[in-house]
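S.K.: coords please:
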Amino acid sequence: MADPETAGSDTFGSETSRSDASHSEAWIEAINDAAKELGGGWIALRRYLHQHPELSGHETLTTQYLKTLLAKLDLPIRVAGDGRGLIADMVTDKALANHPRIAIRGDIDALPIQDEKSVAYHSTVDGVMHACGHDVHATVIVAAMQLLSQLQHTGRLPWPIAARAILQPAEETAEGALHMIHHHALADVGAVLALHVDPTRQVGCVGLREHAFTAACDMLEVRFIGSGGHAARPHLTNDPIDACTRWIQSAYRRVHRAINAHDTVVLSIGMIDAGHSPNVIPDTATIKGTLRSLSVEARRRTLEVLEDVGEATARETGCEVRLRLGSSAPGVMNDPALIRLLHDSAIQVLNPASVDWIDEPSMGSEDFSFYLEHVPGAMFRLGVAGDQVGGAPLHTGNFDVDEHAIAHAAKLFAASIINYFDPDR
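M.R.: So this is what the prediction gives:
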């Protein structure tokens, strides 16, 4: 027979556990209910943004539209400098007024790509479209804040929270995060979360990875200065096009022979600008590309190799070779504790099978990394591929998403914010 004190203690503990579980289930159910109610509006918002894209550096109308939506939640809002980008705070208890907030960040700029889809929400701006999912990212941030606001106003928020929405411009040019940081987007922020759509994952799937998540990226420009002349007499010139092609071939070969095979480095040239006539050797040629790396040492060594390639090319061709680094972004390093927060929250509001652990970091880049130089943060990948739509690659004219993914991401953000402030966590 069990000891009465022990039996009583066990019984009390079971009742407490059931009470806690019931409390947790209540706000999870509230999130799911609110998502069903609001989901149609989220799809409409995403389609509006898709129809009205703005390029990096020009996101003023998008900023104003999103400000109008968030203002309906009666939140304090600040628009960043030049009228591009905004932040909105939700602090549900005066006791948290000076407490560090957790921020959720979305980007709002589009790309100079022609929309080739035959859909009702086709881009109305010729040569500009949301080909990287930033319309989805922005919609998810607004949606998450709407969910939290609805729980607060219906009394179903389990405890006080302090959250911030960051909607930033110019991610594609790696300038927007610095722009927002300069305008105090991280003031009073203790952690930051973000997402990126992923057409290689099915709707309902969330990709998570601790530590290295994306590569560092440097923009490269190499200018070749020679002396042009008639195409019939190349011996009287120092041909910059010859220098340009030699540099590219040598750089591609040398980088992958000089860098440790365990240190992933990707060098890609995406632009060549030289000449104006088929029978004239020009005076100059310019190439532009990117260097992506996962370690500081690999990046340093690669840049040394490229300098050597430039010196060798100059000796062989008689041209001056100038290598210049443009904008760059460090790699995204996901905080393990915040990844666990996302993992636990995904299991609560999605399902255990929704989490897909990512084996290797992406060689893509993200200016979300600039925030992580100031506060811990984490980014996840959101599956957007459905049975009928969502499988086209990023940065292509046919890119689209299965819009059911919006609700998944909004619920995940809302649950993560609530769990972040769980008194027992």
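S.K.: pretty sure D356 contacts R209?
M.R.: No - between D356 and R209 no contact is recorded; they are 9.6 Å apart, counting by CB atoms under 8 Å. Where you see a C-beta, it was placed from the backbone N, CA and C, and this is true even at glycine.
S.K.: more crowded one of these two?
M.R.: It is R209, of D356 and R209, that has more neighbours when counted by other CB atoms under 10 Å, with 22 against 18.
S.K.: At which residues are the helices of the stretch 101-250 of the chain located?
M.R.: Across the stretch 101-250 of the chain, reading from the start of the chain, the helices by DSSP state H, counting those that start in this stretch fall at 134-153, 176-182, 240-258.
S.K.: Most tightly packed of those helices?
M.R.: Mean neighbours per residue, mean count of other CB atoms under 10 Å, is largest over the helices of the stretch 101-250 of the chain for helix 134-153, with a mean of 25.
S.K.: Could you give the separation of it from the chain centroid?
M.R.: Centroid displacement of helix 134-153 relative to its chain, using CA atoms, centre = their mean, to the nearest Å, is 17 Å.
S.K.: Which strands or helices does that helix pack on?
M.R.: Counting contacts by 3 or more CB pairs under 8 Å, 6 or more residues apart in numbering; DSSP states H and E, helix 134-153 packs against helix 4-51, helix 60-71, strand 86-91, strand 101-107, strand 162-168, strand 189-202, strand 377-385, helix 404-420.
S.K.: Now do the second one against strand 162-168, angle only.
M.R.: For the pair helix 60-71 and strand 162-168, the angle between their directions (axes from the mean of the first three to the mean of the last three CA atoms, to 10 degrees) equals 160 degrees.
S.K.: Do I have it right that R201 meets G386?
M.R.: No - applying CB under 8 Å as the test, R201 and G386 come out as separate, 10.9 Å apart.
S.K.: which stretch in the helices and strands packed on helix 134-153 is the model least sure about?
M.R.: Among the helices and strands packed on helix 134-153, helix 4-51 has the lowest mean pLDDT, at a mean of 73.
S.K.: Rebuild the helices of the stretch 101-250 of the chain as a markdown table, extending it with distance to A410 and mean pLDDT.
M.R.: A markdown table is the format used below for the helices of the stretch 101-250 of the chain (distance: least, CB to CB, whole Å; pLDDT from 0 to 100):
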| stretch | distance to A410 | mean pLDDT |
| --- | --- | --- |
| helix 134-153 | 4 | 98 |
| helix 176-182 | 21 | 98 |
| helix 240-258 | 42 | 96 |
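S.K.: now the helices for the stretch 251-400 of the chain?
M.R.: Under the criterion DSSP H, counting those that start in this stretch, the stretch 251-400 of the chain contains helices at 296-317, 336-349.
S.K.: Ok, which of those comes nearest H235?
M.R.: Minimum separation from H235 across those (CB to CB) falls at helix 296-317, 12.6 Å.
S.K.: quick one: that closest one to helix 240-258, angle?
M.R.: Between the direction of helix 296-317 and that of helix 240-258, the angle (the same axes, to 10 degrees) works out to 140 degrees.
S.K.: tell me which residues of helix 296-317 are tucked away?
M.R.: Neighbour-count burial for helix 296-317 flags 298-299, 301-303, 305-306, 309-310, 313-314, 317 (criterion: 16 or more other CB atoms under 10 Å).
S.K.: related to what we said a few turns ago, make TSV out of the helices of the stretch 251-400 of the chain and add mean pLDDT and distance to R46.
M.R.: Output for the helices of the stretch 251-400 of the chain, formatted as TSV (pLDDT from 0 to 100; distance: least, CB to CB, whole Å):
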stretch	mean pLDDT	distance to R46
helix 296-317	96	36
helix 336-349	97	20
